[in-house]
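A.B. asks: sequence and computational prediction follow.
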Amino acid sequence: MTVLDPKIAAAINGENDEAAQAGTRKCLINRRQVLLSGGIATSLVMVGIPGAPEAQTPAVISTYPRKLIAKLSALKTDEPFDFEYPDEGEYAESILVKLGQVSGGGIGPDKDVVAFNYTCTHQGGPLQGTYQAADKALGPCPLHLTTFDLTRHGIFISGQAYQSLPQVLLELDGDDIYAVGMFGLIYGRFDNLQA
Ligand code: FES
């Protein structure tokens, strides 16, 4: 036969309020302790998550290469020069052209030398060979006919694309033209520097 603790037996029988309250209190405290300890554990986890990655993940800094493209003195108005940037991977083919009029991002004494990626921002149509001297434009794209204005940072003039053509940032050092960066994401890449 099981012998109950006298205090618990009294609580069960309602004989001793104090004893009953003591038993109940004991039970509540235990549950509270459990809940409290669980809450603390949760807080620690939540606090720990944001802190840990910062402490352990190294910063990644990407920089564009500085690549010699051409000699300014060798360029002739409306005669494009092809090159690859920022690497030799997929979709890196680009056009360098002296437009003969002041243009957004243009370098040189006339601020008319610009460079753009050759891949259409709509669905990757190839724009090689589509330079139009009369309009200073690239296109129409062979897939869906978008045309881009090279005097205004490659904004689309007409067609299906809704993003400007990525512009290659240029720098002039004496007679040397360098590609030093890009403005806009190259089609088909999540990162311009990851071919
Ligand atoms: S891929 Fe160039 S307009 Fe669609």
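C.D. replies: On my side now, so go ahead.
A.B. asks: any idea how many residues pack against T77?
C.D. replies: When neighbours are defined as other Cβ atoms under 10 Å, T77 has 13 of them. The C-beta positions use only the backbone N, C-alpha and C, and glycine is treated the same way.
A.B. asks: likewise V168?
C.D. replies: Residues lying near V168 (other Cβ under 10 Å) number 26.
A.B. asks: flag the shaky bits of this protein, pLDDT-wise.
C.D. replies: 1-61 (pLDDT under 70).
A.B. asks: please repeat the previous calculation with a cut-off of 50.
C.D. replies: Along the chain, the parts satisfying pLDDT under 50 run over 1-3, 8-49.
A.B. asks: quick one: name the residues of it near the ligand.
C.D. replies: For the chain, the residues in contact with the ligand (Cβ under 6 Å from any ligand atom) are 120, 122-125, 141, 143-146, 159-161.
A.B. asks: list only buried entries from those residues.
C.D. replies: 120, 122, 125, 141, 143, 146, 159, 161 (16 or more other Cβ atoms under 10 Å).
A.B. asks: identify the residues contacting the last one.
C.D. replies: By Cβ atoms under 8 Å, 6 or more residues apart in numbering, the residues touching A161 are 120-122, 141, 144, 146, 148.
A.B. asks: just the CA atoms of whatever helix or strand D82 lives in, as PDB, please.
C.D. replies: Assigned by DSSP states H and E, D82 belongs to strand 81-84. Below are the C-alpha coordinates for strand 81-84, written out as PDB (Å, rounded to 0.1, in the frame of the first residue of the first chain):
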ATOM      1  CA  PHE A  81      36.000  48.600 -81.400                       C
ATOM      2  CA  ASP A  82      35.100  45.300 -79.700                       C
ATOM      3  CA  PHE A  83      36.600  44.100 -76.400                       C
ATOM      4  CA  GLU A  84      35.800  41.900 -73.400                       C
END
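A.B. asks: what does that strand contact?
C.D. replies: Identification of contacts with strand 81-84 by Cβ under 8 Å, 6+ apart yields 67, 69-70, 75, 92-97, 115, 118, 128, 179.
A.B. asks: what lines up beside it in the sheet?
C.D. replies: Sheet partners assigned to strand 81-84 using DSSP bridges are listed as strand 93-98 (antiparallel).
A.B. asks: where's G174 relative to I155, distance?
C.D. replies: Distance, G174 to I155, by Cβ to Cβ, to the nearest Å: 31 Å.
A.B. asks: show me which of the two is the more surrounded one.
C.D. replies: Ranked by neighbour count (other Cβ under 10 Å), G174 and I155 place I155 first, with 14 against 8.
A.B. asks: name the SS class of T121, please.
C.D. replies: Three-state call for T121 (DSSP: H, G, I helix; E, B strand; the rest coil): coil.
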